[in-house]
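S.K.: Okay, predicted coordinates and the sequence, questions at the end:
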Amino acid sequence: MPHTRLHLKQTESTNDVGGQWLKTAKAGEILTAWTSDQTRGRGQRGNTWDQRPGLDLALTVAVKWPTEAPPRDPVVLNKSVTGGIREAIAGLLNEEPAVCSVGIKWPNDILIRNTDQRWLKCAGILIENTWRGTDWDGTLIGVGVNVNSMHAGANRRCALGEFTPSPLTVGDVADRLSQHIVQALEAINSPLSYESHLVGFGESKRLSVQGLSGMGTVTGVNAHGALELEWTPEGGTTRALSVERSDALQWDWLWK
């Protein structure tokens, strides 16, 4: 598919840029728009995404779906894209001794586990779909990455550059992510490794679901995009549970 790359010195939101582009784009076209100075970034459920000017990355890949493209599943696409972004970041940090692993925190965050076994957020993902009637017309994949801003000592956040011997080039990070996202857009199936990289996968950890504390083991993400748990509430019996909304779940063990 034809691919246009756009570097913005500054913008309010790369997803807004991509959304405007989709209004006039031709079927089968792709746009990558990125900046190191985004002033009004947004995340899931109305949250904001802040970044340090010149140090961090905001990137959007927008695709106008080909009219002859086979039917696609938004959940499979979400898994493919999220898995691709995780893989891109893991590749940038490959063999860095301070990084134990790079994981996916459902539904939309990329976390790094450091040598202290603490999970820290380095990137967030916002996927928005556009429709023309009942037809899936386009997709916006927005990614915010802490690249070189320092968060040493922070309880929940980190930057990629905290784990590398020298600062990363924001443009190089943008290129790497864009390549992996475009590959994910062209894939038919979600990567087999997606579930295994979910934070908490196969591990019994303390969680709260709708305010009720208990022990939960992540077992996957179902066909509807909900997080699947093996769940044992305090004083209750173990059962399978699907969590549809991220605000219904608190990761009590994760943010210590």
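M.R.: It's in.
S.K.: residues of the top helix by length along the chain that come out buried?
M.R.: Ranked by residue count under DSSP state H, the longest helix found in the chain is helix 74-92. For helix 74-92, burial by neighbour count (16 or more other CB atoms under 10 Å) applies to 76-90, 92. Using the backbone N, CA and C atoms, a C-beta is placed for each residue, glycine as well.
S.K.: Could you single out the nearest of those residues to Glu186?
M.R.: Distance to Glu186, by CB to CB, is smallest for Ser80 among the buried residues of helix 74-92, at 9.2 Å.
S.K.: quick one: that closest one and Glu186 touch, right?
M.R.: No: Ser80 lies out of contact with Glu186 (CB atoms under 8 Å); the separation is 9.2 Å.
S.K.: nearest spatial neighbour of Glu114, skipping sequence neighbours?
M.R.: In this structure residue 114 is Asn, not Glu. Excluding the flanking residues, the one nearest Asn114 by CB to CB, 6 or more residues apart in numbering is Ala98, at 6.0 Å.
S.K.: Which stretches in the stretch 51-200 of the chain count as strands?
M.R.: 57-64, 99-105, 109-114, 119-132, 135-145 (DSSP state E, counting those that start in this stretch).
S.K.: Which one of the ones you listed lies nearest to Trp34?
M.R.: For these, proximity to Trp34 was assessed by CB to CB; strand 57-64 is nearest, at 4.1 Å.
S.K.: what helices or strands is the closest one leaning on?
M.R.: Under the contact criterion of 3 or more CB pairs under 8 Å, 6 or more residues apart in numbering; DSSP states H and E, strand 57-64 touches helix 14-22, strand 30-35, strand 135-145, helix 170-186.
S.K.: Can you give me the buried ones in that strand?
M.R.: Leu57, Ala58, Leu59, Thr60, Val61, Ala62, Val63, Lys64.
S.K.: ok, of these, which one's closest to Gly19?
M.R.: Ala62 (7.4 Å).
S.K.: Skipping adjacent residues, who's closest to the closest one in space?
M.R.: Ala62 sits nearest to Gly18 (CB to CB, 6+ apart), 3.5 Å away.
S.K.: what's the neighbour count on the one you found?
M.R.: Burial of Gly18 is recorded as 26 neighbouring residues (other CB atoms under 10 Å).
S.K.: ok, now which ones touch Asp252?
M.R.: Applying CB atoms under 8 Å, 6 or more residues apart in numbering, we find Asp252 in contact with Lys205, Arg206, Leu207, Ser208, Ser213.
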